[in-house]
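> please work out how this folds:
(one chain, ligands or ions: 1)
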Amino acid sequence: MKTDVKICGLKTAEAVERAVALGASHTGFIFFPKSPRNIEPDDAGRLAARIRGRAKIVAVTVDAGNDDLDEIVSALNPDILQLHGSESPERVLTVKAVYGLPVMKALSIREASDLDRIGPYVGIADRFLFDAKPPAGSELPGGNGVSFDWRLLDALDGGVDYMLSGGLNASNIGEALALTGARAIDTSSGVESAPGVKDLELMEAFFDAVRRADDERARAGSKT
Ligand SMILES: O=C(O)c1ccccc1NCC(=O)[C@H](O)[C@H](O)COP(=O)(O)O
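Numbering: from 1, shown residues only. Coordinates of the predicted model:
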C-alpha cells in the first residue's frame with residue numbers, strides 16, 4: 001500500500017511540481033495571513049492549475065467566514081477544504097452544504113482526552129487531520145514543526161479516516177508510520193529550509209523515507 005502524502009504550505013511552481021513528481025497525493029495551500037506560508041487565492045489558483053488532476057488540491061483555512069471561503073473556492077477550485085481552526089461540527093456541516101466539497105477537519109492532539117473531540121465530527125467531517133497543539137506563544141494553529149505522542153492514536157477507533165500530521169520529517173516518518181499504521185500523512189516544516197521555504201532535497205528525502213516505510217509494511221504484511 002502506498003501512503004498518501006500531503007505536502008502543505010506550497011508557494012512556488014517549482015515546489016508544487018516537484019511535490020507531485022515525487023508522488024504527493026495532496027497539495028496544501030495556506031490561507032492564513034500570519035503564516036509564512038500564506039498565499040493569495042489567485043496565486044494559489046495559478047499554481048494549482050499546473051497539477052490539477054494529478055494530486056488533490058487542499059485549501060487550508062482557519063475559522064474562515066463565507067466571504068473568504070467564496071474567494072478561495074472561486075480562485076482555487078479546491079478538491080478538499082481543510083478547516084484548521086475551531087470550527088464546530090455545525091460549521092463543518094454548513095461549509096459542506098454551501099460549497100459541496102469534502103471537508104478535512106484538523107484537530108490538535110496533546111493528551112488522551114483530546115481524542116474525545118473527534119466523536120462530534122464523525123459522520124460530518126470526511127476525514128480528520130491530527131496535528132500537534134501549537135507550542136506556547138505560537139500564532140499558528142498549524143505548521144509549527146512539532147509532533148504529538150503518536151501512541152495516543154492506539155486508542156483511536158479503527159474506522160476513523162485521518163491524516164497524521166505535526167512535525168513529520170524524513171528522520172521520524174518511519175517510526176510514525178510503524179507506530180500508528182497511518183494511511184495518510186502530512187508535512188510542512190519538515191520539508192523546509194526556513195519557515196515557508198520548501199527545500200527540494202528535504203522533500204525528496206521525505207518521500208524516500210515514506211517509500212522505505214511502505215516497502216517495510218508490505219514485507220511485514222506478506223509475512224502474516
Ligand atoms: O502551515 C501553516 O503555516 C499553517 C497555518 C495555519 C493553519 C494551518 C497551517 N498548516 C496546516 C497543515 O496542514 C500543516 O501541514 C500541519 O500543521 C503540519 O505542519 P508541520 O508540523 O510544520 O509539518
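
> helices or strands up against the helix-or-strand element of the chain with minimal mean pLDDT?
Taking all helices and strands of the chain together, the one with the lowest average confidence (mean pLDDT, DSSP states H and E) is helix 200-223, at a mean of 92. Taking 3 or more Cβ pairs under 8 Å, 6 or more residues apart in numbering; DSSP states H and E as contact, the helices and strands that helix 200-223 lies on are strand 4-7, helix 13-22, helix 173-180. Glycine gets a C-beta too; all of them are placed from N, C-alpha and C.

> ranking the ones you listed by burial, who's on top?
Across the helices and strands packed on helix 200-223, the average number of neighbours (mean count of other Cβ atoms under 10 Å) peaks for strand 4-7, which reaches a mean of 24.

> now do it: everything it contacts.
For strand 4-7, contacts defined as Cβ atoms under 8 Å, 6 or more residues apart in numbering pick out 15, 19, 23-28, 56, 58, 163, 165, 183-188, 191, 198, 203, 206-207, 210.

> which helix or strand contains the residue of the chain found nearest the ligand?
With distances taken as Cβ to the nearest ligand atom, the chain approaches the ligand most closely at Gly143, which sits 2.1 Å away. Assigned by DSSP states H and E, Gly143 belongs to neither a helix nor a strand.

> name the nearest residue to it, sequence neighbours excluded.
Ranked by Cβ to Cβ, 6 or more residues apart in numbering and with sequence neighbours excluded, the top spatial neighbour of Gly143 is Ser188, at 4.8 Å.

> mind checking the SS state of Ser193?
Look at Ser193: counting by DSSP: H, G, I helix; E, B strand; the rest coil, its state is strand.

> quick one: it from Ala209, how far?
To Ala209, Ser193 is 17 Å away according to Cβ to Cβ, to the nearest Å.

> and Lys56, by the same measure?
Note on Lys56: its distance to Ala209, by Cβ to Cβ, is 21 Å.

> now Arg18
Distance check for Arg18 against Ala209: by Cβ to Cβ, it reads 16 Å.

> one more: Tyr99?
For Tyr99, the distance to Ala209 equals 35 Å [Cβ to Cβ].

> same deal with Leu47?
Here Leu47 is placed at a distance of 25 Å from Ala209 (Cβ to Cβ).

> pLDDT (mean, whole number) over the one helix or strand Thr94 maps to?
Using DSSP H and E, Thr94 sits within helix 89-99. This predicted structure assigns helix 89-99 an average pLDDT of 98.

> contacting residues around it?
Contact partners of helix 89-99, identified using Cβ under 8 Å, 6+ apart, comprise 66, 69, 73, 81, 83, 87, 101-103, 105, 120-121, 124-126.

> cool, stretch 151-165 as well?
Stretch 151-165 is contacted from outside by 4, 6, 8, 104, 106, 109, 111-112, 114-115, 118, 122, 126-132, 142, 150, 176-177, 179-180, 182, 184-187, using Cβ under 8 Å, 6+ apart.

> and the ligand, is that stretch touching that?
Yes - applying Cβ under 6 Å from any ligand atom, one finds stretch 151-165 touching the ligand at Ser165.

> for that stretch, buried residues please.
Within stretch 151-165, the residues that count as buried by 16 or more other Cβ atoms under 10 Å are 152-153, 156, 160, 162-165.

> and for stretch 125-140?
Taking 16+ other Cβ under 10 Å as the neighbour-count basis, stretch 125-140 is seen to contain the buried residues 125-134, 140.
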